[in-house]
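*Asks:* Return a 3D structure for these sequence lines:
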Amino acid sequence: MKLEAAASKLRAMAHPMRIAIIDLLKDEKKLSVTQIYERLNIEQAAASHHLNILKGKGVLVSKRDGKKIFYSLRSKALTDVIYCINKCNIE
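*Replies:* Numbers count the residues shown, from 1 in each chain. The predicted structure is shown next:
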């Protein structure tokens, strides 16, 4: 069961845009949807789609503050996974 949950999170993270979102959030405590889509130069709908997938799989958490929703990483350990993968020279 634990392995299936881990695989599910990894599948959710396995998209270039989602990796970019996680990379943004590793350096910031929290970012709003607007900040995320502006920094990544993507449409708001695309950002929301990717954020919902990551949140649904437990990679991100969200908190509403007035009209804005802020996202943050559930665990900084997830950035270690990406770092490890980036260190591998897969050709």
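
*Asks:* Before we move on, what's the pLDDT of the residue most central in space within the chain?
*Replies:* Nearest to the mean C-alpha position of the chain, by CA atoms, centre = their mean, lies residue 22 at 3.7 Å. At residue 22, the model reports a pLDDT of 92.

*Asks:* Surely it touches residue 53?
*Replies:* No: using CB atoms under 8 Å, residue 22 is not in contact with residue 53, being 11.7 Å away. Quick note: C-beta positions are derived from backbone N, CA and C, even for glycine.

*Asks:* so where's the chain shaky on pLDDT?
*Replies:* Counting by pLDDT under 70, the ranges of the chain that qualify are 89-91.

*Asks:* Any figure for the gap between residue 52 and residue 80?
*Replies:* Using CB to CB, to the nearest Å, residue 52 is found at 24 Å from residue 80.

*Asks:* returning to that earlier point: ok, now which ones touch the residue nearest to the centre of the chain?
*Replies:* Residue 22 sits next to 13, 54, 59, 73, 78-79, 82 when contact means CB atoms under 8 Å, 6 or more residues apart in numbering.

*Asks:* same check, this time on residue 63
*Replies:* Counted by CB under 8 Å, 6+ apart, residue 63 has contacts 30, 69-70, 72.

*Asks:* Is it in a helix, a strand, or coil?
*Replies:* What DSSP: H, G, I helix; E, B strand; the rest coil gives for residue 63 is strand.

*Asks:* ok so, going back, tabulate the contacts of residue 63 (JSON lines), appending secondary structure.
*Replies:* Putting those into JSON lines (three-state DSSP) gives the following:
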{"residue": "30", "secondary structure": "coil"}
{"residue": "69", "secondary structure": "strand"}
{"residue": "70", "secondary structure": "strand"}
{"residue": "72", "secondary structure": "strand"}
